[in-house]
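Trainee: need the 3D shape of this:
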Amino acid sequence: MFASGSSFQTEAWNILYYKQTGGAPTSATSPTLALAPRAGQWDSLDLTAPHVRIGTGASKFTLYYAANGDATKPSFVTQIGVATSSDGTNWTRGSAPALGVPAFDGTMNTSNPTTARPDAWGVTDPWVMTDNGSTVMYYAGLDCSGGTSCTFQIFRTTSSDNGVTFAPGSVVLSARQGIAEE
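Mentor: Just a heads-up that it's a prediction; the model follows:
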């Protein structure tokens, strides 16, 4: 079971996993660190929203996750990364997000994306599957273009390189007006 968590002392979110044979994890089950923030990289702050696919071959495990920390964007902006592993313990990740957002005109919380897009303020919560032979990702995208509030929408995108990278997706579900939870 993969999860994200933070130490109370550091408040830095990491990707962890629990491995247990038989039964459910208990309070005695200890998590193992899978991924931690990388200094100087686009994922240098918090790592959250893990989704793992199990396959075959050298990259038996593929872990998708959301992270922030790109020094060229406001700190709240998340992007989606990918890491691969042959054993579920040792992970390799690239130097760029698998699904990034546009450049920003600064790093302040009031900065704006330089390219308009309905998920330009951040992408998170990846869920990846194979659909008719294509690698498809559903994800949540943040739109703050209205100026007074932000809205998450659900997007769908298809990878052209078997899940290594993804182009910006298309909205498949938008929040309904007047429903606070959406």
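
Trainee: hey, let's count contacts and neighbours off CA atoms from now on
Mentor: Fine.

Trainee: residue with max distance from the center of the chain?
Mentor: Relative to the centre of the chain, the most outlying C-alpha is that of Gly22, 29.1 Å out, by Cα atoms, centre = their mean.

Trainee: measure that one to Gly88 for me?
Mentor: Applying Cα to Cα, to the nearest Å, the value for Gly22 to Gly88 is 18 Å.

Trainee: so what's Gly81 up against?
Mentor: By Cα atoms under 8 Å, 6 or more residues apart in numbering, the contact list for Gly81 reads Tyr64, Tyr65, Ala66, Ala67, Arg93, Gly94, Ala96, Pro97, Ala98, Leu99.

Trainee: where's it, which helix or strand?
Mentor: Here Gly81 sits within strand 79-85, counting by DSSP states H and E.

Trainee: could I get the average pLDDT for that strand?
Mentor: The average pLDDT for strand 79-85 rounds to 96.

Trainee: name the nearest residue to the spatially most central residue of the chain, ignoring sequence neighbours.
Mentor: Centroid check for the chain by Cα atoms, centre = their mean gives Ala66 as the closest residue, at 2.0 Å. Spatial nearest neighbour of Ala66, chain neighbours left out: Ile80 (4.4 Å); criterion: Cα to Cα, 6 or more residues apart in numbering.

Trainee: for Ala12, give me the pLDDT.
Mentor: For Ala12, pLDDT reads 85.

Trainee: what about it, how many residues nearby?
Mentor: Neighbour count of Ala12, defined by other Cα atoms under 10 Å: 15.

Trainee: what sits against it?
Mentor: Ser6, Pro37, Leu45, Asp46.

Trainee: my read: the second one touches Ala66, true?
Mentor: No. Taking contact to mean Cα atoms under 8 Å, the distance of 11.1 Å between Pro37 and Ala66 leaves them out of contact.

Trainee: what touches both of those two?
Mentor: In contact with both Pro37 and Ala66: Leu47, using Cα under 8 Å, 6+ apart.

Trainee: now the end-to-end length of stretch 155-170.
Mentor: 5 Å.

Trainee: buried set for it?
Mentor: Using 16 or more other Cα atoms under 10 Å as the test for burial, stretch 155-170 gives Phe155, Arg156, Thr157, Thr158, Ser159, Gly163, Val164, Thr165, Phe166, Pro168, Gly169, Ser170.

Trainee: how many other residues sit next to the residue lying closest to the second one once chain neighbours are set aside?
Mentor: Spatially, and ignoring its direct neighbours in sequence, Arg156 is nearest to Tyr138 (4.5 Å; Cα to Cα, 6+ apart). The local packing count at Tyr138 equals 20, with neighbours defined by other Cα under 10 Å.
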